[in-house]
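Participant: Give the three-dimensional model of this entry:
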Amino acid sequence: QVQLVESGGGLVQPGASLRLSCAASGRTFSNYAMGWFRQAPGKEREFVAAISRSGGITGYDDSVEGRFTISRDNAKNTVYLQLNSLQPEDTAVYYCAARTALTSRDYKEYNYWGQGTQVTVSS
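Facilitator: Residues are numbered from 1 along each chain as shown. Predicted coordinates:
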């Protein structure tokens, strides 16, 4: 089992940047592919980005491609999500998730979840 704790959310203006972190503990972090998902009020949880166990493969939803960057540091047991050029439609609770297999865009295929961190983009 792996425990995940997100941090770095906040209230920012449109066009601003944030860096989310997700710290993992409990098992060998490099055994897990990691994903970031988000959920806005009244909406289903949606895929944002994912990264392979080694960090060599990444994938993004079209809505964030070119603005968000996922990365990981296996020595620090941490996955990051750099959010640039934030827009009001990016407002949501952001979750990191882990699975012991290849990356996936389907949140139902992830076994472990953090508690989430709120990102609010508003002028």
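
Participant: which residues in this protein form helices?
Facilitator: For the chain, none of the segments meets the definition of helices by DSSP state H.

Participant: can you tell me which residue is nearest the centre of it?
Facilitator: Trp36 (2.4 Å; Cα atoms, centre = their mean).

Participant: For Asp106, see how far away that residue is.
Facilitator: As defined by Cβ to Cβ, to the nearest Å, Trp36 lies at a distance of 14 Å from Asp106. Backbone N, C-alpha and C define where each C-beta goes, glycine included.

Participant: cool, and Glu6?
Facilitator: The gap separating Glu6 from Asp106 is 20 Å, by Cβ to Cβ.

Participant: Was I right to think Ile70 contacts Tyr60?
Facilitator: Yes - under the contact definition of Cβ atoms under 8 Å, Ile70 touches Tyr60, with a separation of 7.4 Å.

Participant: Spit out the residues that contact these two alike.
Facilitator: With contacts defined as Cβ atoms under 8 Å, 6 or more residues apart in numbering, the residues shared by Ile70 and Tyr60 are Ala49.

Participant: Looking at these two, which is more packed in?
Facilitator: A side-by-side neighbour count of Ile70 and Tyr60, using other Cβ atoms under 10 Å, places Ile70 first with 23 against 18.

Participant: who's in contact with that one?
Facilitator: Taking Cβ under 8 Å, 6+ apart as the definition of contact, the neighbours of Ile70 are Met34, Trp36, Ala49, Ala50, Ile51, Thr58, Tyr60, Val79, Tyr80, Leu81, Gln82.
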